[in-house]
Structures are given as structure tokens and as C-alpha cells.
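1. Build me a model:
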Amino acid sequence: MYKHILVPVDLGDAETYRRAINAANTLLEDGGKITLLHAIEPIPTCAESYIPPDFKIESRSALQNQCSCCEVDFEPIVANV
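-> Presented below is the predicted three-dimensional model:
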């Protein structure tokens with residue numbers, strides 16, 4: 001049906017994002033692509049010194065682990081706005 005589906009997800013709510021991914025899979029044609037969008041607020045400059053230096057790496061790793069349980073390929077794209 002669709003070649004490319006954008007699915008906004010809240011990775012803090014596993015039940016909801018898994019249902020969204022499953023729904024997208026049913027609408028996807030063979031060879032199609034699903035893109036997950038999860039927005040993360042930027043860390044304020046005044047708080048950066050309180051955040052561990054490897055926080056971003058650990059966060060990406062956690063997101064990758066969550067995506068792997070749904071059989072989703074993980075390709076992080078970072079957009080600074």
C-alpha cells in the first residue's frame with residue numbers, strides 16, 4: 001500500500017509505540033520503509049555540566065535496543081533545531 005511511512009513514537013511508552021509500528025507494518029508494501037520519529041529535548045547549557053559525558057551515547061544505545069525488539073533497523077539521524 002505505502003512505500004514509506006513516518007511513525008511518530010514516544011519510546012517511553014512501549015505498548016503504544018509497538019502498536020504504532022505493527023499498524024504501520026500492515027500498511028507497508030513489500031520492500032517499503034518505516035521511519036520512526038522520536039524527539040528529545042535539547043539539554044539546556046546551564047545543565048550540561050550535570051549530565052554524564054557519555055549520556056548521548058548511552059541514550060542512543062538504549063533507543064537501538066528498544067528498536068531491536070520490534071524488528072526495526074536503527075539508523076539515528078540527529079537534527080539540531
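
2. Tell me the neighbouring strands of the longest strand along the chain, and mark each as parallel or antiparallel.
-> The longest strand of the chain (DSSP state E) is strand 28-37. Based on DSSP bridges, the pairing partners of strand 28-37 within the sheet are strand 2-8 (parallel).

3. Which positions in the strand it pairs with come out as buried?
-> Buried residues in strand 2-8, defined by neighbour count with 16 or more other CB atoms under 10 Å: 5, 7. (Glycine included, C-beta is placed from N, CA and C.)

4. worst-scoring helix or strand of this protein, pLDDT-wise?
-> Within the chain, no helix or strand scores below helix 55-68, which has a mean of 74 by mean pLDDT, DSSP states H and E.

5. now for it, which elements pack on it?
-> In terms of contacts (3 or more CB pairs under 8 Å, 6 or more residues apart in numbering; DSSP states H and E), helix 55-68 is not packed against any helix or strand.

6. so that helix versus strand 28-37, what angle?
-> Relative orientation of helix 55-68 and strand 28-37, computed by axes from the mean of the first three to the mean of the last three CA atoms, to 10 degrees: 160 degrees.

7. rewinding a little: only alpha carbons, please: show the longest strand of the chain as CSV.
-> Extracted in CSV, the C-alpha atoms of strand 28-37 (Å, rounded to 0.1, in the frame of the first residue of the first chain):
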residue,chain,number,x,y,z
LEU,A,28,3.5,-1.2,4.3
GLU,A,29,4.1,-2.7,0.9
ASP,A,30,6.8,-5.3,0.3
GLY,A,31,10.2,-3.6,0.3
GLY,A,32,8.8,-0.5,2.0
LYS,A,33,10.4,1.6,4.7
ILE,A,34,9.2,2.7,8.2
THR,A,35,10.8,5.7,9.7
LEU,A,36,10.4,6.2,13.5
LEU,A,37,10.5,9.8,14.8
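
8. dump the residue contacts of the residue of the chain most remote from its centre.
-> Most distant from the centre of the chain: Cys46, at 26.2 Å, with distances by CA atoms, centre = their mean. Neighbouring residues of Cys46 by CB atoms under 8 Å, 6 or more residues apart in numbering: there are none.
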